[in-house]
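A.B. asks: The sequence and its predicted three-dimensional model are supplied below.
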Amino acid sequence: MVIKQLFLALFMVLTCFVSGSQNIYVPDDNFENRLIELGLDTILNDSVPTANINAVTSLDVSSRNISDLTGIEGFTNLNTLMCIDNNLTFLNVSENLFLTHLNCSGNELTALDVTENVNLISLIIDENFINEIEVSLNVDLELFWCNNNRIRTLDLSMNTKLKDLSCHINWLNSLDLRNNPELTRIDAHRNVLCTLDMRNGTNTVIERFYLLENSNLKCIFVDNIGYSSANWSFIDPTSTFVNSEGQCQGITPTIPAVDVLPDATVMSNYTLPQLINGNYFTAPNGSGIMLSGGDVITSTQTIYIYRLNGCGVDNQSSFTITIETEPEPIVEDYSAPSFFTPNNDGYNDFWKVSSDNNSITRISIFNRYGKLLKSLRPNSIGWSGTYNGKPMITDDYWYIIMLKSGRKITGHFALKR
């Protein structure tokens, strides 16, 4: 009797093992439902018969709200995988050794390993959160799109068959395409490129060359300056075609913009406004203590606004904050609103400075870059938030109030729409 029970138990274990080996685990219901739609499965039970999928060469599971593609490893003969517009944060295609076309754009991937997929011809990973990707082993790659990610570096030196490269809206600092002689299309606009080397000996076969919105890109190295100038127009006005490093050294780099703030004389303390271009420092050239918008200054000092771009070029401005500790009667003779809302609703539509004893002689309004927008008389209705008839954007604006005593009062206010 005992022997019979042992035999039965052994039979059940073997049955489960054989059964398990004939199925592959698919935990994502949306993925399995798609496989059912395609006739590759029949019951939603977190598993799919391997016999139904191991001969499949093309699979499209796009736009199915799939979060987990576990089970894709069972598609051992897959050539084409389309998993566009899902919710994938991880994708393992290391077992899909015959993949030639992979499109996983529109997901939430932060990384993707394709080093085992050496047969890839087309790779599209647009609109993810990928920081880096290694494609040096994908030597047959002809099309590579990685638009709208966070990629900082890209080594394409081994991809000699590459024809179509699209990597716009990333954080690329440099791009070397000297080893890509078959390249016919390149789109790398909206990066932070400092250098681009196109000297691959076949520039004349380029059909599309789009490099706009790379404001730091000083030099584009090309085969022939005359040809590139005549045929490649989609570059920034600050970029120049050159043949050699020596030519590039003679070109003045683009100076990064920094915010410019006027000197300020205030009572007790001064709150630093938020910056768009640059960072606050207590000493020149990015030295001293770094400050932030919202920090409160309580002592008289010069503040520096410094900016260093990714290509090693810098710029700075400075302004002096004078803190007066002793109140003067004239300070109480004017009132400047901290904000106004010029939306024509009859309430707070004008920014107006008032004075009890008519002590103001002139009011001047500036934008954050120091440009004069409006001069007001003391008895005017105020500023409507326009310049040359056009409404100004929501932002901080600066004023200088000149008093009859000769005293100059500065400050800032918000325009809100």
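C.D. replies: Done, it's in.
A.B. asks: Residue 104 against residue 124, yeah?
C.D. replies: Yes. Contact criterion C-beta atoms under 8 Å: residue 104 and residue 124 qualify, at 7.4 Å. In short, each C-beta sits where N, CA and C put it, glycine included.
A.B. asks: Between the two, which has more neighbouring residues?
C.D. replies: residue 104 (25 against 19; other C-beta atoms under 10 Å).
A.B. asks: How about the more buried one: what's its closest non-neighbour residue?
C.D. replies: Nearest residue to residue 104, sequence neighbours excluded (C-beta to C-beta, 6 or more residues apart in numbering): residue 83, at 5.0 Å.
A.B. asks: Can you check the pLDDT for residue 20?
C.D. replies: Residue 20 is assigned 44 on the pLDDT scale.
A.B. asks: quick one: strands adjacent to the top strand by length along the chain?
C.D. replies: Counting by DSSP state E, the longest strand found in the chain is strand 314-324. Paired strands of strand 314-324, with direction, are strand 264-267 (parallel), strand 301-308 (antiparallel) (DSSP bridges).
A.B. asks: quick one: low-confidence ranges for the chain?
C.D. replies: 1-21, 326-333 (pLDDT under 70).
A.B. asks: which residues in it form helices?
C.D. replies: 2-21, 29-37, 50-53, 225-231, 245-249 (DSSP state H).
A.B. asks: Residue 94: how many residues sit nearby?
C.D. replies: Residues near residue 94, counting by other C-beta under 10 Å: 12.
A.B. asks: Same question for residue 403.
C.D. replies: 19.
A.B. asks: Same question for residue 287.
C.D. replies: 11.
A.B. asks: If it is in a bridge, with which residues?
C.D. replies: Residues in beta-bridge contact with residue 287 (DSSP bridges): residue 283.
A.B. asks: That one is in contact with residue 281, isn't it?
C.D. replies: Yes. Assessed by C-beta under 8 Å, residue 287 is found in contact with residue 281 at 6.4 Å.
A.B. asks: Stretch 277-284: how far from the chain's middle?
C.D. replies: For stretch 277-284, the separation from the chain centroid amounts to 23 Å (computed by C-alpha atoms, centre = their mean, to the nearest Å).
A.B. asks: that older thread, ok now the longest strand of the chain, how far from the chain's centre?
C.D. replies: With C-alpha atoms, centre = their mean, you get 30 Å for strand 314-324.
A.B. asks: And for stretch 273-288?
C.D. replies: Distance, centroid of stretch 273-288 to centroid of chain: 22 Å (C-alpha atoms, centre = their mean).
A.B. asks: And for it, what's in contact with it?
C.D. replies: 256-259, 261, 272, 289-295, 301, 303-308, 314-318, 368, 396, 412 (C-beta atoms under 8 Å, 6 or more residues apart in numbering).
A.B. asks: For residue 86, which non-adjacent residue is closest in space?
C.D. replies: residue 66 (4.3 Å).
A.B. asks: possible to save the strands paired with strand 314-324 as a markdown table with mean neighbour count and distance to residue 76?
C.D. replies: As requested, the strands paired with strand 314-324 are exported to a markdown table (neighbours: other C-beta atoms under 10 Å; distance: least, C-beta to C-beta, whole Å):
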| stretch | mean neighbour count | distance to residue 76 |
| --- | --- | --- |
| strand 264-267 | 17 | 70 |
| strand 301-308 | 18 | 51 |
